[in-house]
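1. Predicted coordinates and the sequence they were generated for:
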Amino acid sequence: MNKDLNIADCKKEIERLEEEVTQLDLENNRLRLEAKTYQHNELKLYEIQRIASTGSWEFNQITSAFKCTAELAEILEVNAKSLPTWESFLQLTHPEERSRLDEALQESIVLKKSFEIEHRLQLSSGKIKYIKHFCKSFCASNGMLINSIGLVQDITNLKNAENQLAYLANYDPLTGLPNRHLFQDRLKHAIQQAGRNGKKVALLYLDLDHFKAVNDALGHPIGDQLLLQATDRIKHSIRESDTAARLGGDEFTVVIEQVENSLQVALVAEHLLTALSQPYQIGSHEVFVSASIGITYYPTDGRNINKLLKNADSAMYLAKEQGRNNYCFFTNELNVKAKDHLQLESRLRMGMIEDNFLLHFQPQIEITTGRILGAEALLRWMPKQTLVNPDRFISVLEDTGLIVPVGKWVLEKACQTAKRWQQNGFSDFRISVNVAARQLRETDIVSVIKEILQNSGLAPKYLEIELTESTLIDSTISRQNLKHLEELGVRLAIDDFGTGYSSLSYLQQYSVDTLKIDRSFINNLSKNSADDAITAAIIALAHTLGMEVVAEGVETIEQLQSLEKLKCNQAQGFLISQPMPKSDFEKWIANYSDESTGSSMLWQLFTR
Ligand code: C2E
Ligand code: MG
Ligand code: MG
C-alpha cells in the first residue's frame, strides 16, 4: 500500500518537474527571443545613430561609470575604451567651450533638467568638429538621481554648408574680398561711427584701366589671375583698419575711416596707383594695366551710401577722362560737369538738326620728300559760332550713340571732299577718317562705306579708316566686317599706337596698312631715350610687318629730323600745319609747294 502511494507521489513529482522544465524551456525561449530583439534593436540603434551622425553617452551618478557608444567614439575619433570619464570627454571639447559644457551638465544634475547646446570639439588631430549636444538626467522613484544620458550629433557638414552660404553672401568668391553687400554694411557702420565721433570717412572707387581688353585678348582665366594679383596689391597698399571690397568685374572700393586730412587719402590713392601699375607676370604673359580712382568724403560729398558711391563713380570717370592711372576727388565742379554733360548732349542732338558740324583737314606728308600724301579729316562742332574742343564733345557723341549718324556724315563729307580734290588735280589724294567702335558695332559699316564710296566716286584705296587699339581688340565689334572692308580695298590704320593695351596679336589678324605713333612719344623725341627707343621699335616693327608709319603731333624740326633718321615714312602735326577748314586747306596746299622747286619752304629749311 505504502509502496503504491510512493509510486503515485513520484509520478506526480515527475509530472510537476516535467511541467517545470516545459515552463523553463518556454521562459528560455522567451528570453532568447528577447535577447535577439534586444540585439536587433541595438543594431538598429547603431545604424540609426550612424546615419544621423549621432552617438550617445551615459554617466551613472552612483558608480561614476561613464560609457559611450561606438558611434560617439567614432565622432570623437578615439577608441571607445579610452573614454572612461566625463573629464576625458571635456578634454576633447574646444578649450573655449569646455567650461560652458561642464557647467551645463552640473546644472542639469543639480536642477534635474535637460540641456541642449551647440559647441565645438577639438580632436587630438587638431581637427575641429561642430556638435549638437542634448543631455537629460534621470531620477529613481525615490527622487535620487541615477544617471545622465547625452546624445551627441555631429553637425560639422551642416555648419560648414551654413558657413559657406554666409561666406558667399558676404564675400567675393574669386578674390575673397568683401562683396557689395558686406561693403555696404561696413560703409554704413563707418558712417555711423563717424557721425558719433565727428570724423570723416573717405570712399575710394577704383576701376582698372583697360581690364576688358586683357580679358578679351588673353582670356578670362588670365583676367582672373590679374584680378587676384591686383587684390593682393590693394590689400598691401592700405592699413588693416581700412576695408577693401570688390563690387564686381574690375571695380573695387576702399573705405578709409578716421580721416584726418586730404593728404592722408591722396597718399593712399598714390600708393594704390603705383602698386597697381607695376607689370603683372601671369604665366608667360607680362601684362600692364593701371587704375583710375574717384574719391568722396562723408559727410561733405554725400550723407548716405548711394550718394557717396554715385559721386565717387563720377569722380572716377573724371580720372579716366584725365588720362587714366589717375585719381580725382569729387568736388562741386564735378557736379556741374555732370550737368554740363547732359546739356552738351541735348545741344549735340540739336546740332545734328542745325547742321553745326564741320570738318577740318590736317595734312600728312612724306618725310623724305615733303610731298603731301593726303589728310586726316577731324570733326569739329561749332554751335553759335564757337568751336568746342573735340575732347569735350566726341566722348559725349560716343557715349550717347550719336557718333553713329555723325560718323556716317563725317565719312560722306570726307570722301566727297577727297574726290573733289582729286578731280582738281591732286589725283592720288588720300583721306583718313576716324571710326569709333560703336560705328563698327551698331551699323553695317561695310554697306555704309560701300554706298558712300559709290556715291562720292572715291576709289576704296584712297580711304583709310583709323581705329584705336582698344577698338580692334574689343570682342563686341564684328571682326567679319573688318575683313570685308579689307577685301573692299579700304585701308586700315591704327591710331594713337602705343597708348592702348598692346597685345600685338591683332596686328596679324588684320591686314593693317598704317601705324600712327601716338604724339606722346613724338613729343619727347630726342629728349627722352625711352621714347626714342619705343619710337624706333614701333617703326622697325611696322616695317617688318610691311606697314607704313605716320608720326602724329610733330611740332619741331628736331622731331622731324629724328623721325627721318629712324626711317619713319610720314608726319602729321602743327609743324606742317594745324587742322584747317576745307577752304583754308585748299589755299594752304596751293601755297605749300614752291613752284620752282616742287617742295615747300619748310622742306627747303629741313633739308638744308
Ligand atoms: P586723333 O585721331 O589722334 O587726331 C589727332 C589729334 O591730334 C587732333 O586732335 C589734332 O588736332 C591733334 N594734333 C595734330 N597735330 C598736333 C600737334 O602737332 N600737336 C598737338 N598737341 N596736337 C596735334 P583733335 O582734332 O582735337 O581730335 C581729337 C581726337 O578726336 C582725334 O584724335 C580722334 O580720336 C577724335 N576724332 C576727331 N574727329 C573724329 C571723328 O570724326 N570721329 C571719331 N570717332 N573721332 C574723331
Ligand atoms: Mg586719328
Ligand atoms: Mg591719333
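-> Okay, I see it. Ligands and ions are numbered 1, 2, ... in the order given.
2. What residue spans form the domains of this protein?
-> Per the record, the chain has its domains at 1-48, 52-170, 175-330, 360-606, by automatic domain parsing.
3. Of these, which is nearest residue 343?
-> Nearest to residue 343, of all the domains of the chain, is domain 360-606, at 10.0 Å by CB to CB. C-beta: built from backbone N, CA, C; applies to glycine.
4. returning to that earlier point: could I get the domains of the chain as JSON lines with distance to ligand 3?
-> Shown next, in JSON lines, are those (distance: least, CB to the ion, whole Å):
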{"stretch": "domain 1-48", "distance to ligand 3": "77"}
{"stretch": "domain 52-170", "distance to ligand 3": "45"}
{"stretch": "domain 175-330", "distance to ligand 3": "14"}
{"stretch": "domain 360-606", "distance to ligand 3": "4"}
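5. Any chance of a markdown table for those domains, columns mean neighbour count, distance to residue 340 and mean pLDDT?
-> What follows is the domains of the chain, written out as a markdown table (neighbours: other CB atoms under 10 Å; distance: least, CB to CB, whole Å; pLDDT from 0 to 100):
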| stretch | mean neighbour count | distance to residue 340 | mean pLDDT |
| --- | --- | --- | --- |
| domain 1-48 | 10 | 74 | 78 |
| domain 52-170 | 15 | 39 | 87 |
| domain 175-330 | 18 | 12 | 91 |
| domain 360-606 | 18 | 9 | 89 |
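6. Looking at those, which is nearest to ligand 2?
-> For ligand 2, the closest of the domains of the chain is domain 360-606, at 4.2 Å, according to CB to the ion.
7. Just checking the distance from that closest one to the centre of its chain.
-> Computed by CA atoms, centre = their mean, to the nearest Å, the chain-centroid distance of domain 360-606 equals 34 Å.
8. That domain and ligand 2, are they touching?
-> Yes: judged by CB under 5 Å from the ion, domain 360-606 comes into contact with ligand 2 through 434, 466, 495.
9. does any part of that domain sit near ligand 1?
-> Yes: part of domain 360-606 sits near ligand 1 under the criterion CB under 6 Å from any ligand atom, namely 362, 378-379, 390, 394, 403, 407, 410, 434, 436, 466, 495-496, 519, 552-555, 572-574, 579.
10. Quickly note the distance from the nearest residue to residue 123 once chain neighbours are set aside to residue 121.
-> Spatial nearest neighbour of residue 123, chain neighbours left out: residue 77 (5.1 Å); criterion: CB to CB, 6 or more residues apart in numbering. Residue 77 sits 9 Å away from residue 121, going by CB to CB, to the nearest Å.
11. Same check on residue 464?
-> Taking CB to CB, one finds residue 464 at 74 Å from residue 121.
12. how about the helices of the stretch 251-400 of the chain, start to end?
-> Shown for the stretch 251-400 of the chain, the helices assigned by DSSP state H, counting those that start in this stretch span residues 262-276, 305-321, 332-354, 390-400.
13. Not counting the second one itself, show me its contacts.
-> Contact partners of helix 305-321, identified using CB atoms under 8 Å, 6 or more residues apart in numbering, comprise 184, 187-188, 191, 203-207, 209, 253, 292-296, 298, 301-302, 326-330, 334-335, 337-338, 395.
14. do that again at 6 Å, thanks
-> Defining contact as CB atoms under 6 Å, 6 or more residues apart in numbering, one finds that helix 305-321 is touched by 184, 187, 203, 205, 207, 292-296, 298, 301-302, 326-328, 330, 334, 338.
15. How about it and ligand 1, any contact?
-> No: applying CB under 6 Å from any ligand atom, one finds helix 305-321 separated from ligand 1 by no less than 13.0 Å.
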